[in-house]
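> build me a model:
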Amino acid sequence: TCGLELSLHNDMTALGRLWLLHVMVFRLLLVGTVTPSLFENEYAEFTCNTQMTGCREVCFNRATTISHYRFCVFHVVLLSTPVILFVTYALTKSAVQHGAEVEALAGQETQRSRRRLVYLINVIVRLLVEVGFLVGQWYLYDFRVKSIYICTAHPCPHNVDCFLARSYEKTAFLCFYFGVGVFSSVISFLEVLYIIRKWKASGREQVGHNQSTLTHSTPGADELGLRWRAAKPDPSPFCARPARLSTSFASSWFAA
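This next block holds a predicted model:
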């Protein structure tokens, strides 16, 4: 649990945590509570005004190409897969780093860059999943569940009227679910832009830090001059001896 909290705090952005909360509230709870009672017994509530054998089954397949309940469950499973894979990867790397006693700074930067890249891939994948299911929902259900479906498929002898229960309630749910998907896609798209922008800013800061370090570590002309003067031998002791000799010689000559 502690490793999971550290992974969510260190690797996920604020938008990522908002997206995770949004998925837990509006996806998992919604699919686990509302969707089963609303869509699980669609076939039992589907009736047609004919007793022709096989007609009701064929018309039900035409009216509901894919079950709404299974569509939502499949959506949640695919949406959660990249997140679970990223959390597993982050926990594994955190455990390896925690087990090591000493780790170089360059190695830490490399691991951090890898986690950022993996997290960016995770966000892009979930964005593609969201957009794909939005298009699929629009194509399959068209934001509306009709209360009467006119079926002309074989083996129905003529145009058969079939009736779907709670069509308005299902239509409202589909519109709400589509709105949740749009909100999730917007969050994921903004997070991708934020991660890329932050990555570029971090790269520019790293380049500036390296240049500053190189400038401070390289001595300038004044510093080199001071070092050269300090290393140059002082000629004053050698020059002082002839001066003292000449002074003593002059004093002895005048005394004579």
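> quick one: average confidence on the lengthiest helix in the chain?
The longest helix of the chain (DSSP state H) is helix 167-217. Confidence for helix 167-217, expressed as mean pLDDT, is 81.
> I'd like to know which elements it is packed against.
With contacts defined as 3 or more C-beta pairs under 8 Å, 6 or more residues apart in numbering; DSSP states H and E, the packing partners of helix 167-217 are helix 14-23, helix 35-39, helix 68-99, helix 105-141. The C-beta positions use only the backbone N, C-alpha and C, and glycine is treated the same way.
> if you average pLDDT over the host helix or strand of residue 162, what comes out?
Assigned by DSSP states H and E, residue 162 belongs to strand 160-163. Averaged across strand 160-163, the pLDDT comes to 91.
> in its sheet, what does that strand sit against?
strand 47-48 (antiparallel), strand 148-151 (antiparallel) (DSSP bridges).
> go through that strand and flag the buried ones.
160, 162 (16 or more other C-beta atoms under 10 Å).
> export it as CSV, just CAs?
Extracted C-alpha coordinates of strand 160-163, given in CSV (Å, rounded to 0.1, in the frame of the first residue of the first chain):
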residue,chain,number,x,y,z
VAL,A,160,-42.5,-7.1,-37.2
ASP,A,161,-42.8,-4.5,-34.4
CYS,A,162,-40.6,-5.2,-31.5
PHE,A,163,-40.6,-3.3,-28.2
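> now what about that strand, what contacts it?
46-50, 52, 55-56, 59-60, 63, 147-152 (C-beta atoms under 8 Å, 6 or more residues apart in numbering).
> sort out which of these are buried, if you could.
For these, buried by 16+ other C-beta under 10 Å: 46, 48, 50, 55, 56, 59, 60, 63, 149, 151.
> what angle do the longest helix of the chain and helix 68-99 make?
Helix 167-217 runs at 20 degrees relative to helix 68-99, counting by axes from the mean of the first three to the mean of the last three C-alpha atoms, to 10 degrees.
> next, the angle from helix 167-217 to helix 105-141.
Going by the same axes, to 10 degrees, helix 167-217 makes 160 degrees with helix 105-141.
> quick one, helix 167-217 and helix 14-23 angle?
Going by the same axes, to 10 degrees, helix 167-217 makes 160 degrees with helix 14-23.
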